[in-house]
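*Asks:* Requesting a structural model of the entry that follows:
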Amino acid sequence: MAGVRVVPVSTQGLLRIGARPGLFEYLRQIWHHRGFIVYDARARVSSGNRKDRLGSAWMILNPILNGLTYYLIFGLLLDTSRGIENFVGYLIIGVFLFQISARAITNGARSVQSNKAVIQAFNFPRATLPISVNVREILASVPVLITMLILVLVFPPTEEITWRWLLMVPALFLQAVFNLGVGLILARMISRINDITHLLGFGLRVWMYASAVFFSYERFIDHAGLLAIVRLNPLFNVLDIVRDCVLYATLPAWESWAILSAWAFGVLAVGIVFFWKAEESYGRE
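*Replies:* Numbering: from 1, shown residues only. Below you'll find the predicted structure:
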């Protein structure tokens, strides 16, 4: 047409909306959104149990009630406490730390599926959602851990506070890193196949029974090779390290640290890459 002028436009430097960036750029974007992650985590901690009359107290009451149930069933009826020094403390640490992992993994796994509206409305790295959930669980676990230690000190046989209690910090850090890695992997899977949410509770229950939460492996497993395989369980190593530090005033074996560190950083690396590869698909029907 007369009077129409075609003006060439360079598309260099333009990116398609929602396109997946490179991995290192993706990590840089996550770091850029660290303020959002912390703010969202703190906001959800304060409003998490607002509908309940007891509010956040349920985060402490749940492991206490579960621990009491396991004590009555396994400690008294089934006598799994036999041969375990300070079984009450052993059980308290097992139940409290397992529930921290269970909450973090469950909520992290559902973070993408439960935030579809936010994903469809805003452009941001989707990994911030499971990361925010895990930061929230870390913040929420502080009073839970304090309660756990108080109970260990109160119930006989009472334990003394030693410098080894400080070793709980790196152990719990590695536990949180592992929880995040598993949450990233499951978040992508559940965003595609929602049926996995129905299997998640079953899988966590099996993991609990396989982690020596309320019994000792040595009493039920005699085969050295099978016992060595069972000890590769990352949660078992978290519990073993914390129990050694808090209950038995001994330094955890270096093998426990090595196994837990390998699981934590290995699963996190796999989780980040696995989640990043599906970045463009989140929120799409």
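*Asks:* tell me the SS of Pro156?
*Replies:* Assigned by DSSP: H, G, I helix; E, B strand; the rest coil, the conformation of Pro156 is coil.
*Asks:* How many residues are close by the residue lying closest to it once chain neighbours are set aside?
*Replies:* With Cβ to Cβ, 6 or more residues apart in numbering as the criterion, Pro156 has its nearest non-adjacent residue at 7.7 Å, and that residue is Val88. For the C-beta atoms, the positions are set from N, CA and C on the backbone; glycine is no exception. Residues within reach of Val88, counting by other Cβ atoms under 10 Å, total 19.
*Asks:* isn't Val88 right next to Phe155, touching?
*Replies:* Yes - with contact defined as Cβ atoms under 8 Å, Val88 counts as touching Phe155 (4.8 Å).
*Asks:* Nearest residue to Ile92 in space, please, no chain neighbours.
*Replies:* Leu151 (5.2 Å).
*Asks:* Secondary structure element holding that neighbour?
*Replies:* helix 128-154 (DSSP states H and E).
*Asks:* for that helix, packing partners?
*Replies:* helix 34-47, helix 58-70, helix 87-109, helix 168-192 (3 or more Cβ pairs under 8 Å, 6 or more residues apart in numbering; DSSP states H and E).
*Asks:* among the ones you listed, which is the most enclosed?
*Replies:* helix 87-109 (a mean of 23; mean count of other Cβ atoms under 10 Å).
*Asks:* and the angle from that helix to helix 128-154?
*Replies:* For helix 87-109 against helix 128-154, the angle by axes from the mean of the first three to the mean of the last three Cα atoms, to 10 degrees is 170 degrees.
*Asks:* Would you mind checking the average pLDDT for helix 87-109?
*Replies:* For helix 87-109, mean pLDDT is 90.
*Asks:* got the contact list for the next helix-or-strand element following that helix?
*Replies:* Toward the C-terminal end, the helix or strand that comes next after helix 87-109 (DSSP H and E) is helix 116-121. If you take Cβ atoms under 8 Å, 6 or more residues apart in numbering as the criterion, helix 116-121 is touched by Val112, Arg126, Leu129, Tyr282, Gly283.
*Asks:* and helix 116-121, which residues are buried?
*Replies:* Neighbour counts over helix 116-121 (16 or more other Cβ atoms under 10 Å) mark Ile119 as buried.
*Asks:* Quick one: distance of it to the chain centre.
*Replies:* Here helix 116-121 shows a centroid-to-chain-centroid distance of 24 Å under the convention Cα atoms, centre = their mean, to the nearest Å.
*Asks:* Low-confidence stretches in the protein?
*Replies:* 1-19, 46-59, 66-67, 70-71, 73-83, 218-223, 284-285 (pLDDT under 70).
*Asks:* how about 80 then?
*Replies:* 1-20, 43-85, 121, 155-159, 214-230, 283-285 (pLDDT under 80).
*Asks:* Closest to the centroid, which residue in it?
*Replies:* For the chain, the residue nearest the mean C-alpha position is Asn179 (2.8 Å; Cα atoms, centre = their mean).
*Asks:* in stretch 278-285, what's buried?
*Replies:* Result for stretch 278-285 [16+ other Cβ under 10 Å]: buried residues Ala278, Glu279, Tyr282, Gly283.
*Asks:* Likewise for stretch 157-168?
*Replies:* Using 16+ other Cβ under 10 Å as the test for burial, stretch 157-168 gives Glu159, Arg164, Trp165, Leu167, Met168.
*Asks:* OK, contacts around the residue nearest to Ile92?
*Replies:* Ile64, Gly89, Ile92.
*Asks:* Ile84 in helix, strand or coil?
*Replies:* Strictly by three-state DSSP, Ile84 counts as coil.
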